[in-house]
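Asks: Could you work out the structure for the sequence below:
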Amino acid sequence: MADYQLKEIIGDNPASLTLTDIFGEYNPAQSFSYNLTRLMTGDSIASKVINIALDIAGALVVIMLMYSGYLYITAYGEEGKLTSAKNTLIWSIVGAIIVGSAQIFIILVKQAVE
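Replies: Below you'll find the model as predicted:
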């Protein structure tokens with residue numbers, strides 16, 4: 001039976017066999033979308049790693065915000081310590097914006113490929 005199926009695919013002239021006959025039509029856009037969908041689905045390793053990394057980054061943002069508050073409270077009006085506390089607060093907020101933007105981007109990509 002396998003010989004008959006192979007003969008059906010190949011036909012009478014094996015030299016006329018092309019990759020399209022074997023694998024079907026290749027659509028690069030469809031292939032990219034399929035691979036991106038596989039990457040972004042909840043069960044893939046890459047998706048789990050990305051989610052864990054974003055969770056850790058979010059936790060670090062919260063820790064840095066609390067640390068900047070601690071620096072501000074313990075500055076006791078000293079100009080250098082106040083500047084350090086303000087810079088820590090500003091960069092913590094920038095980090096929060098970056099982490100939030102990354103999470104929004106991933107959600108939009110998941111919706112686009114599904």
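
Asks: secondary structure class for Leu65?
Replies: Classification of Leu65 by DSSP: H, G, I helix; E, B strand; the rest coil places it in helix.

Asks: Grab the nearest non-local neighbour of it.
Replies: The shortest distance from Leu65 to any non-neighbouring residue, by CB to CB, 6 or more residues apart in numbering, is to Ser92 (4.8 Å). In short, each C-beta sits where N, CA and C put it, glycine included.

Asks: From what I see, the one you found and Tyr70 are in contact.
Replies: No. Counting by CB atoms under 8 Å, Ser92 stays clear of Tyr70, with 11.9 Å between them.

Asks: out of these two, which sits in the busier spot?
Replies: Each of Ser92 and Tyr70 has its neighbours counted (other CB atoms under 10 Å); Ser92 has more, 20 against 12.

Asks: Let me see the mean pLDDT of whichever strand or helix holds the more buried one.
Replies: Using DSSP states H and E, the element containing Ser92 is helix 79-113. For helix 79-113, the mean per-residue pLDDT is 91.

Asks: just stretch 47-65 next, same as before
Replies: The pLDDT scores in stretch 47-65 average 90.

Asks: Dump that stretch to PDB, restricted to CA.
Replies: Presented in PDB, the C-alpha positions along stretch 47-65 are these (Å, rounded to 0.1, in the frame of the first residue of the first chain):
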ATOM      1  CA  SER A  47       6.200  32.000  27.200                       C
ATOM      2  CA  LYS A  48       6.800  30.700  30.700                       C
ATOM      3  CA  VAL A  49      10.300  32.300  30.800                       C
ATOM      4  CA  ILE A  50       9.000  35.600  29.600                       C
ATOM      5  CA  ASN A  51       6.200  35.600  32.200                       C
ATOM      6  CA  ILE A  52       8.600  34.700  35.000                       C
ATOM      7  CA  ALA A  53      11.000  37.400  33.900                       C
ATOM      8  CA  LEU A  54       8.200  40.000  33.900                       C
ATOM      9  CA  ASP A  55       7.000  38.900  37.300                       C
ATOM     10  CA  ILE A  56      10.500  39.300  38.700                       C
ATOM     11  CA  ALA A  57      10.900  42.700  37.100                       C
ATOM     12  CA  GLY A  58       7.600  43.800  38.500                       C
ATOM     13  CA  ALA A  59       8.600  42.700  42.000                       C
ATOM     14  CA  LEU A  60      11.900  44.500  41.600                       C
ATOM     15  CA  VAL A  61      10.100  47.700  40.700                       C
ATOM     16  CA  VAL A  62       8.000  47.500  43.900                       C
ATOM     17  CA  ILE A  63      11.100  46.800  46.000                       C
ATOM     18  CA  MET A  64      12.900  49.800  44.400                       C
ATOM     19  CA  LEU A  65       9.900  52.000  45.000                       C
END
